[in-house]
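Student: Give me coordinates for this.
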Amino acid sequence: MITHRNLGSNALALCDIWRMHDGDVLLHALPIFHTHGLFVALNTAFLTSARILWHENFNAGDVIAALPRRDCYDGFPTYFTRLLDTGLLTPELCRGTRVFISGSAPLLPQTHVQFEEAPDIRSSSVTA
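Tutor: Numbering: from 1, shown residues only. Down below sits the predicted model:
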């Protein structure tokens, strides 16, 4: 059984690893009926008083449009492939993103490489 203490410990560890703080803006398009959307993404935002750009569901175009206004993006591997499929990712859209988080399923190595290379994430993101 997962306890409240387990969930809190997990969220605190992730806040530390991802360097989340009260000035952050999390772009949230995950379903809240899923552990990733409810406990991982929201708990880290709540613990750090980060702002949340709330999307009721994932739409690649809407997420692309919101990218310039966030510091953190948390998604499923499928979301990353859908963002890549738009062909709209640019260094300007991704500039200032401290962390892109993929979870709940394995992110294929080729998707990781494509996501880094398409908008040139490695050179355009802030490393805090």
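Student: Could you list the low-pLDDT ranges of the protein?
Tutor: Low-confidence segments of the chain (pLDDT under 70): 119-128.
Student: how does it look with 80?
Tutor: 96, 118-128 (pLDDT under 80).
Student: Okay, strands next: where are they in it?
Tutor: In the chain, the strands defined using DSSP state E lie at 25-28, 51-54, 72-75, 99-102.
Student: Against which helices or strands is the second one packed?
Tutor: Same thing as strand 51-54. strand 25-28 (3 or more C-beta pairs under 8 Å, 6 or more residues apart in numbering; DSSP states H and E). Every C-beta, even on glycine, is put in place using the N, C-alpha and C of the backbone.
Student: Next: the last one.
Tutor: The helices and strands touching strand 99-102, judged by 3+ C-beta pairs under 8 Å, 6+ apart, are strand 72-75, helix 77-86.
Student: List just the one of these that sits closest to residue 49.
Tutor: Of all the helices and strands packed on strand 99-102, it is strand 72-75 that lies closest to residue 49, at 13.3 Å by C-beta to C-beta.
Student: With residue 63 as the reference, measure out to the closest residue to residue 78 other than its chain neighbours.
Tutor: For residue 78, ignoring the flanking residues on the chain, the nearest one in space by C-beta to C-beta, 6 or more residues apart in numbering is residue 105 at 7.7 Å. Look at residue 105 and residue 63: by C-beta to C-beta, to the nearest Å, they are 18 Å apart.
Student: sorry, back to before: quick one: contacts for the residue nearest to residue 78?
Tutor: Counting by C-beta atoms under 8 Å, 6 or more residues apart in numbering, residue 105 touches 76, 77, 78.
Student: Report how many residues lie close to the last one.
Tutor: Residue 78 has 14 neighbouring residues, counting by other C-beta atoms under 10 Å.
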